[in-house]
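1. Whatever this is, show me its structure:
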Amino acid sequence: MIWSRRYKRLCSPVLQAALQIQRAQQVKGGGNERMPELAQWLEIEQELDVPVTMRDGVKLLADIYRPQEGGPYPVLLMRTPYNKSDAQTMNYAHPSWYARHGYIVVIQDTRGRWRSEGEFRPYEHEADDGYDTVEWAASLPNALPKVGMYGFSYVGAVQWLAAVNRPPHLTCIVPGMIGSDAYQGKAYRNGAFALALSQSWVLFAAQDTALRRNRLDWAAELGAHYAGIHSVYRKLPLTALPDAVKETAPYYFEWFDHPTRDAYWTKLSLQEQYERVQVPALHIGGWYDIFVDGTIDNFNGVRQHGGTAVARGHQYLLIEPWFHMPWSRYAGELDFGEEASNRIDVLQLEWFDYWLKGTRSNRFEQQPAVQYFEMGSNRWRTSESWPVPGTKATPYYLRSSVRANSINGDGLLSLTAPAAEPPDVYVYHPSIAVPALGGRSGAVPDLTPMGPKNQLPVEIRNDVLVYTSAKLDRELIVAGEVTIELYAATSAEDTDFVAKLVDVYPDGRAYNIAEGIIRASYRYGLDRREAVPPGEVVAYSFSLGPTAYAFKPGHAIRLDVTSSLFPTFDRNPNKLVNPGQATEADFVTATQTIYHDKARPSRVWLPVVQR
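-> Numbers count the residues shown, from 1 in each chain. Just a heads-up that it's a prediction; the model follows:
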C-alpha cells in the first residue's frame, strides 16, 4: 500500500514494519484472505447527534468518528434506519475501527428513524437525503472531499438511491445484499408475496415509529407480535394486523394494493436507473440471501449501462455462502469452512483505501471482477463475468414409472429424456402448507427460514414430489442460474408451484441449495393476473436463482416439487384473490398434475461447468 506522506508521518516505524508484513502475507485470489489485524492506528474522538439539514429543512442526526490528529481524511458514510448507535455491527466492525484506519466515519439515522426528524416512508426520501448528506459530509472540517458509502440490506439500497442522484463527492459504494427491483425479489417473487421478510421487517421497523410517537402501548403490542412472529405468519387475512401497524406502517397495506408490478414499484427500482450510476461499486451477495439474484443484476446492469466509463469498468462482485444475517462460515446446518469466515471489514478497507486514498491493490487492479464461493467444495473461484463463461445448460429430466410422491416414491432425475410415462399427481391444501426448511429469506434465522437445512422432514410428505439422480461417480459443478421448465395442470383457478434443488449426501441427508416459486396467475408476466383454466396443461418456466455448487462423488442431485414454501411466501388459497385479503374461507383444495413425457418433458436446467 502507498500511503500519503502526511499519513506516513503519523505511523511509527513499528507500524510501518507491520504494514510491510501485511503486504507480504496477502494472498492473491479468493474473497476472504486472512490478513493480520494491526494495533490501533490512530486515537479517535466522537461527536454524537450532529444535525444535518436536508433541503426541505428536516434535520437528520449523525454520529461522527474521526482521528484526533493529522488529515485530511476521506469520509465513510452509513445511512441506516436501524439505529446509528448500532451501525450494523452484527456484520461490520464498529465505526471506530474504520476511523482508526484513517477515515472520518459518519453514521446517520435516516429520515423518520431513531434520532432523526421527519416521517419514515421506505425509500421515498433516500435519494435526495443521500445526496444532501454526502455533500455535507464532504465539507466536514479536515475532510478530504471524497465519500464512500457502505452497509447492507436497506442500508445498501440507500447507497444506490444516493448514487442515482449523482452527488459530486460520492466516489464509491459497497452495497451488500440488496436487490434490483422493489417488486420482484423483494415484496413479491413471481407473484407470491414475500411473507416472512415483509412481516418481520414491518413489525420491527414499526416499533421505533411507535416510540417516536410516544405510544408505548403500540410499541408493546408490536413487540409482542414480533416475538411471536411464527404464529403471526398464520394469521389471515394478512392485512388483519393490529391498529398499531396501520398507524405506524401504512406502507405495508399499500404493498397489497399493488399485487402486480406497476408504477408504484417501478419508480423506486434500481434496474430502471442503471444509466444514472456513475461510481465504482463492490457488490456483496450471499447464496442463501433472498436478494442474491438482484445483487448480481445490479453488478451486470451497471457494468453494461452505467453512466460513466469508470462506473462501467469498475464493478466488482463478491458472493459468499451466507444468508442475510449474521455473516458467518456457519450457515443453517452446515459449516462452509475457514474460507467462508467474515472478513468483509478488511476487504472494505482495501476497497476504500484504493478509491479514496489512492493506494494500490492487487485485488482491484489485477484480479477478475467476480469472486464467488463454490459451495460443496468450499473453495473460492474467480471469473471475469457472471454468468461464468464456459458453462453448459444441461437438462435433467423429471422421471417416474409409478409415482414420485415423497422420498418413498420412485422419482428419478435423469439425463435421459422420457418417452411415455404417466404424470405425477399430488394434492395441495393451504391449511397444511409445506413448510420452508431453510432457504433464502431476508431477516435473521430465528424469524425467517434461512440457509441449508436437511429436507427429509418435508420430503416424507406425499404432497412433495421427489426426483433423485443416481449417485455421481465424479464431481459435478454448477455455476449460474438454475431454471425449471415444468409442465403442469391444476384443478384450481390459481395456485403456486415450487421447485427446490437439493444435494443428497451418501448417508441420506438432503440439503437445499436453491429454490424458486411461481404463482400460476402470473404466468404471462408480472404486470397482470389471469386465472388458470382448470385441467389445462401449462408450461411454467421460472428461476430457482443463481448458485455455485460442487456435487461430490457419491452424492446425488435431487429436485423437489410442491406448491408451498411457507412462511417464506404466503399460502396461495388456490383462488384468484388479493393476497392481503385471502382468508381460510377462500381455501380450496387443488389437485396438481406434473407431466413428464415425450411431448411434455418437465426438466430442470443446470449450468454445468465444463472443466
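
2. which intervals of this protein have sub-threshold pLDDT?
-> Applying pLDDT under 70 to the chain picks out residues 1-40, 361-362.

3. can you point me to the longest helix in it?
-> Assignment by DSSP state H gives helix 195-212 as the longest helix of the chain.

4. Show me which positions of the next helix or strand after that one end up buried.
-> Later in the chain than helix 195-212, the nearest helix or strand by DSSP states H and E is helix 216-227. Of the residues in helix 216-227, 218, 219, 221, 222, 223, 225, 226 count as buried by neighbour count, 16 or more other Cβ atoms under 10 Å. C-beta here means a position set from N, CA and C on the backbone, and glycine is covered the same way.

5. For the closest residue to residue 204 other than its chain neighbours, give me its contacts.
-> Leaving aside its chain neighbours, residue 204 sits nearest to residue 226 (5.9 Å; criterion: Cβ to Cβ, 6 or more residues apart in numbering). Applying Cβ atoms under 8 Å, 6 or more residues apart in numbering, we find residue 226 in contact with 200, 203, 204, 207.

6. Can you tell me how far the last one is from residue 160?
-> If you measure residue 207 against residue 160 using Cβ to Cβ, to the nearest Å, the figure is 26 Å.

7. Could you check which of the two is surrounded by more residues?
-> Between residue 207 and residue 160, residue 160 has the larger neighbour count (other Cβ atoms under 10 Å), namely 28 against 21.

8. Assess the claim that that one and residue 176 are in contact.
-> No: using Cβ atoms under 8 Å, residue 160 makes no contact with residue 176, being 11.4 Å away.

9. Near residue 313, how many other residues are there?
-> Neighbour tally, residue 313, other Cβ under 10 Å: 11.

10. what are the phi and psi values for it?
-> phi -90, psi 0 (degrees, to the nearest 10).

11. all strands for the stretch 351-500 of the chain, in order.
-> 370-374, 379-383, 391-399, 412-414, 424-428, 465-468, 476-490, 496-504 (DSSP state E, counting those that start in this stretch).

12. buried stuff in the shortest one?
-> Using 16+ other Cβ under 10 Å as the test for burial, strand 412-414 gives 412, 413, 414.

13. For residue 504, give its distance to residue 479.
-> According to Cβ to Cβ, residue 504 and residue 479 sit 20 Å apart.

14. still on that earlier bit, and the longest helix of the chain, what other elements does it pack with?
-> helix 216-227, helix 229-232, helix 243-248, helix 250-257 (3 or more Cβ pairs under 8 Å, 6 or more residues apart in numbering; DSSP states H and E).

15. among these, which is nearest residue 474?
-> Between residue 474 and the helices and strands packed on helix 195-212, the tightest spacing by Cβ to Cβ is seen for helix 229-232, at 42.0 Å.

16. which helices and strands sit right next to that closest one?
-> With contacts taken as 3+ Cβ pairs under 8 Å, 6+ apart, helix 229-232 sits against helix 195-212.

17. got the angle for the helix it packs on vs helix 250-257?
-> 150 degrees (axes from the mean of the first three to the mean of the last three Cα atoms, to 10 degrees).

18. and helix 195-212 with helix 216-227, angle?
-> Interaxial angle, helix 195-212 versus helix 216-227 (the same axes, to 10 degrees): 160 degrees.

19. Give me the buried positions along helix 195-212.
-> Quick answer for helix 195-212 (16+ other Cβ under 10 Å): 195-210, 212.

20. repeat for stretch 546-554
-> For stretch 546-554, a neighbour-count test (16+ other Cβ under 10 Å) marks 546, 547, 548, 549, 550, 551 as buried.

21. Pull out the buried positions in stretch 415-434.
-> Within stretch 415-434, the residues scored as buried using 16+ other Cβ under 10 Å are 418, 421, 423, 424, 426, 428, 429, 430, 433, 434.

22. isn't the first one right next to residue 596, touching?
-> Yes: between residue 418 and residue 596 there is a contact at 5.1 Å, judged by Cβ under 8 Å.

23. and the end-to-end length of stretch 65-83?
-> 16 Å (Cα to Cα, to the nearest Å).

24. picking up where we left off before, a markdown table please, covering the strands of the stretch 351-500 of the chain and showing distance to residue 283.
-> Putting those into a markdown table (distance: least, Cβ to Cβ, whole Å) gives the following:
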| stretch | distance to residue 283 |
| --- | --- |
| strand 370-374 | 10 |
| strand 379-383 | 14 |
| strand 391-399 | 20 |
| strand 412-414 | 32 |
| strand 424-428 | 37 |
| strand 465-468 | 34 |
| strand 476-490 | 16 |
| strand 496-504 | 23 |
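
25. which one of the ones you listed is the most hemmed in?
-> Of the strands of the stretch 351-500 of the chain, the one with the most neighbours on average (mean count of other Cβ atoms under 10 Å) is strand 465-468, at a mean of 27.

26. Name the nearest residue to the spatially most central residue of the chain, ignoring sequence neighbours.
-> Among the residues of the chain, residue 291 comes closest to the average C-alpha position under Cα atoms, centre = their mean, at 2.5 Å. Closest residue to residue 291 apart from its sequence neighbours, by Cβ to Cβ, 6+ apart: residue 179 at 4.1 Å.

27. and that neighbour, helix, strand or coil?
-> Look at residue 179: counting by DSSP: H, G, I helix; E, B strand; the rest coil, its state is coil.

28. So it sits against residue 295, correct?
-> Yes: using Cβ under 8 Å, residue 179 makes contact with residue 295 at a distance of 7.1 Å.

29. Figure out which of the strands of the stretch 351-500 of the chain is closest to residue 321.
-> Across these, residue 321 has its closest neighbour in strand 370-374 (4.8 Å, Cβ to Cβ).

30. Okay, now the sheet partners of the closest one, with direction.
-> strand 315-320 (parallel), strand 379-383 (antiparallel) (DSSP bridges).

31. now those in TSV, with distance to residue 255?
-> Formatted as TSV, the strands paired with strand 370-374 follow (distance: least, Cβ to Cβ, whole Å):
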stretch	distance to residue 255
strand 315-320	28
strand 379-383	36
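
32. Relative to residue 348, which of those is closest?
-> By Cβ to Cβ (comparing all of those), the closest turns out to be strand 315-320, at 10.3 Å.

33. And the next helix or strand past the closest one?
-> strand 330-331.

34. which neighbours does that following strand have in its sheet, and in what orientation?
-> Partners of strand 330-331 in the sheet, by DSSP bridges, are strand 334-335 (antiparallel).

35. contact partners of the partner strand?
-> By Cβ under 8 Å, 6+ apart, strand 334-335 touches 329, 451, 452, 511.

36. Nice, that's everything, thank you.
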